[in-house]
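Chemist: From the sequence below, what's the structure:
(one chain, ligands or ions: 1)
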Amino acid sequence: MTKRECYDICIENKRNSLSSRIAARDNALAKLESNNPRFAEIKRLMSALGAKIAITAIAGDKKKLKDMEDTLSALDEERRGIVKCAGIEDIEYECENCHDTGYCAGKICDCIKRAATELYIGKLSEVAPIGDCRFENFDLSYYPDTETESGNPKKRMTSILKLCREYVIKFDPKTSESLLFTGNTGLGKTHLSLAIAYELLLKGYDVIYGSAYNLFSKMESEHFSGHSDKSYLDAVGCDLLIIDDLGGEFVSPYIQSLVYNIVNTRLLARKPTIINTNLSMQDINNIYTPRVASRLLGEYNAKRFLGIDIRQQKSAAK
Ligand SMILES: [Zn+2]
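Modeler: Here you go, the predicted structure:
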């Protein structure tokens, strides 16, 4: 599901909720009309008076018009009193800005944006641990502060965390760089990319996150069933695409060209992408062809995660 589809669902929900409240109120008023003769009479009187007022206004008789308007407002007050006594409430809008239409001055209302973001994050949490992955709980104490051949894990991860936080603050779907997170499994690549996804979703950006396996198999089945290339088009068109665990899928020649097309199309459109992988650049070169490797090497800001598998550290500590 994309963010835009979430907007559509939330707008429809909001309108349905308003329609059902209006229908319930109309129903109660119709019952009142058939049970309360005075209420029915007031309704008839007000309707007749309304027509007369229009004619009198055209004729220009101001005194008569004023008397009629006073009568009309007295009738209206009486009508309101009866409605109130019957316990029928006025329609209260959930959102005063858009009156539950979902649109405000021709644009999607903030109430819909909030609801859609919540819905989207809820859907995403069914396939990825987005609820647990925040910058605030990215625990640097798991990374040893020692020099290794590849560098100091704590220093490296401190600087990657800083880069990710700044990435969110400065994010621009037309100018932000693409990132390639490499390194062994269990070092926080998924955690940090989900934290980025979460923050940017809250800011209202259209972020698509998925494992390479899930994203590509959906695209492949849509393509070969001949229905559409919807998932592919969504992935190349969104503000930020995050492909988790590149290399975790079965790589056919179709997948090779799919990966190249996604990477290349988004680079040409200057749209940022984040790719996580346990593979080395040499593996990427061998598995996805040199043209994919050269695009990633040349255009992505590559960051190698260092440290000791955190899942293993956590289970050893138990
Ligand atoms: Zn609204």
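
Chemist: Can you list the neighbours in contact with whichever helix or strand residue 47 is part of?
Modeler: For residue 47, the element it lies in under DSSP states H and E is helix 37-59. Residues outside helix 37-59 that contact it (C-beta atoms under 8 Å, 6 or more residues apart in numbering): 32-34, 64-65, 68-69, 71-72, 75-76, 78-79, 82-83. All C-beta spots, glycine's among them, are computed from the backbone N, C-alpha and C.

Chemist: buried set for that helix?
Modeler: Neighbour-count burial for helix 37-59, counted by 16 or more other C-beta atoms under 10 Å, picks out 39, 42, 49, 53, 56.

Chemist: repeat for stretch 238-245
Modeler: Going by neighbour count (16+ other C-beta under 10 Å), the buried part of stretch 238-245 is 238-245.

Chemist: Also stretch 165-179?
Modeler: Quick answer for stretch 165-179 (16+ other C-beta under 10 Å): 165, 167-168, 171, 173, 176, 178-179.

Chemist: do the same with stretch 138-149
Modeler: So for stretch 138-149, counting by 16+ other C-beta under 10 Å, buried means 138, 142-143.

Chemist: For it, the averaged confidence score.
Modeler: Here stretch 138-149 scores 94 as its mean pLDDT.

Chemist: swap in stretch 68-87?
Modeler: For stretch 68-87, the per-residue pLDDT averages 94.

Chemist: chain center to that stretch: distance?
Modeler: Distance of stretch 68-87 from its chain centroid, counting by C-alpha atoms, centre = their mean, to the nearest Å, is 45 Å.

Chemist: Residue numbering should commence at 833 henceforth.
Modeler: Got it, first residue is 833 now, which makes that one stretch 900-919.

Chemist: Now do the buried residues in it.
Modeler: Using 16+ other C-beta under 10 Å as the test for burial, stretch 900-919 gives 900, 904, 907, 911, 915.

Chemist: Mind checking which of the residues you listed land in helices?
Modeler: 900, 904, 907, 911, 915 (DSSP state H).

Chemist: Let me see the ranges of the strands in the chain.
Modeler: Secondary structure of the chain by DSSP state E: the strands cover 935-936, 939-940, 1010-1014, 1039-1043, 1072-1078, 1105-1109, 1132-1136.

Chemist: can you redo those strands as CSV with distance to residue 984 and mean pLDDT?
Modeler: As requested, the strands of the chain are arranged in CSV below (distance: least, C-beta to C-beta, whole Å; pLDDT from 0 to 100):
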stretch, distance to residue 984, mean pLDDT
strand 935-936, 51, 94
strand 939-940, 46, 92
strand 1010-1014, 17, 97
strand 1039-1043, 30, 94
strand 1072-1078, 26, 96
strand 1105-1109, 22, 97
strand 1132-1136, 12, 96
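
Chemist: Any idea which of those strands gets closest to the ion?
Modeler: strand 935-936 (6.1 Å; C-beta to the ion).

Chemist: partner strands of that closest one, parallel or antiparallel?
Modeler: strand 939-940 (antiparallel) (DSSP bridges).

Chemist: now check the partner strand, is it near the ion?
Modeler: No - residues of strand 939-940 are not located near the ion by C-beta under 5 Å from the ion, the shortest gap being 8.8 Å.

Chemist: which residues in the stretch 833-982 of the chain form helices?
Modeler: With DSSP state H, counting those that start in this stretch as the criterion, the stretch 833-982 of the chain has helices at 835-867, 869-891, 894-917, 942-956.

Chemist: Show me which residues of the longest one are buried.
Modeler: For helix 835-867, the buried set under the neighbour-count rule, 16+ other C-beta under 10 Å, comprises 835, 838-839, 841-843, 846, 850, 853, 864.
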